[in-house]
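1. sequence and predicted structure below; questions after.
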Amino acid sequence: MKRMGAAALVVTAALGVVTAGCGPQEQDGKPSGTDRGTSAASTRPRELTDAEQLRIADAQQRLIKRCMARKGFDFWEAERLSLEESRTLGWVTDDVAWADKHGYGSRIDAKHERARLTNRNVAYRAGLSVERRAAYDRALDEGIDAPVITAEVPGGGTVSKRVGGCVAEAEKHLYGDRVAWFRAEKTAMGLQPLYVPQVMADKRFAAALASWSQCMARSGHTYRTPQEARQAAVELGLKAGPGKAFAAERKLAVADATCVKNTSLRSIGNERETHYVNKLRDRYGSDLDTYARLQLQALARAKKVVEPRT
């Protein structure tokens, strides 16, 4: 079995960018860093829940469909999983009941992949004439003729995005300033290389991770990180039959989630992430707040477009 380093545990995290936090104490009767941090955090835009982020994604699909209809084309929205199936596991989960039912989500992933492979939009586009297909592409996102927007990412370098047509129209409807949204999103999502090494070197996190590993060993599973456990479940699925593989996956996922819960690995990891992300706020705080603010704006507009998932 290929062993993955502990760094992979956090590098592959799907945690949201955290905004609350505290700083060092000050003397001479001045407000402590904790007081100032708490005060500042209270005025920052809040993070969205998974359900709220899904609602924005669903609204974007609906808006694209409406736009394409105006331009004379059919468009099918992506198949929606249930709210339970759509949850983000994050880098670890302590939801034992969910793990007992879904394991690490392999069957949900398979369901999503089947939906992707049977996307009706692909067949519809393929059935159009050459001229209509070109018009469809222009209507959807303008293809290679679409405008390009760029953003600098933390740590250096730039990323670019080429999109126009109905996709761009949907983004503009939800977020308003598409350039501001793109740049804020890429900044927020690009901070991991800056704070992950600090989290990995943090004594509290390392101790919690070691405790998780010891807990797993007592259950008969010798893994250093939750990522190793998940990878083992994937490899087992490739070797065993579907029924046996899923039963083993569930058993391993339940042990994993139980140990996460018993060692507080999730809460400690989240708190340590918060701490180190906050240290980057002097440089990136404005971008993080813009990211959260535009998400909240998009949510308010999405609520007028689609109902929440159930």
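-> Nice, I can see it. These numbers were taken from a predicted model, which means no experiment stands behind them. Numbering: from 1, shown residues only.
2. tally of neighbours for the residue nearest to residue 139 when sequence neighbours are not counted?
-> Of all residues not flanking residue 139 in the chain, residue 71 sits nearest, at 4.2 Å (CB to CB, 6 or more residues apart in numbering). Glycine gets a C-beta too; all of them are placed from N, C-alpha and C. By other CB atoms under 10 Å, 14 other residues sit near residue 71.
3. and what of the one 4 residues further on?
-> If you count neighbours by other CB under 10 Å, residue 75 ends up with 21.
4. got the buried residues for the helix or strand containing residue 121?
-> Here residue 121 sits within helix 120-126, counting by DSSP states H and E. Residues 121, 125 are the ones in helix 120-126 that count as buried (16 or more other CB atoms under 10 Å).
5. average model confidence for it?
-> Averaged across helix 120-126, pLDDT comes to 97.
6. packing partners of that helix?
-> Contact here means 3 or more CB pairs under 8 Å, 6 or more residues apart in numbering; DSSP states H and E; on that basis helix 120-126 packs against helix 130-140.
7. which residues touch the helix or strand that the helix it packs on is followed by?
-> Following helix 130-140 in sequence order, the next helix or strand is strand 148-152 (DSSP H and E). With contact meaning CB atoms under 8 Å, 6 or more residues apart in numbering, strand 148-152 is reached by 158-162, 178-179, 182-183, 186-187.
8. wait, a strand at residue 65?
-> No. Judged by DSSP: H, G, I helix; E, B strand; the rest coil, residue 65 forms no part of a strand; its state is helix.
9. and stretch 89-101, how far apart are its ends?
-> 13 Å (CA to CA, to the nearest Å).
10. quick one: buried residues of it?
-> In terms of neighbour count (16+ other CB under 10 Å), stretch 89-101 has its buried residues at 89-96, 98-99.
11. kindly report the same for stretch 193-210.
-> Within stretch 193-210, the residues scored as buried using 16+ other CB under 10 Å are 194-196, 198-200, 202, 205, 208-209.
12. got TSV for those, with pLDDT and distance to residue 128 too?
-> Output for the buried residues of stretch 193-210, formatted as TSV (pLDDT from 0 to 100; distance: CB to CB, whole Å):
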residue	pLDDT	distance to residue 128
194	96	46
195	96	47
196	94	45
198	96	52
199	96	49
200	93	50
202	97	55
205	97	53
208	98	55
209	97	53
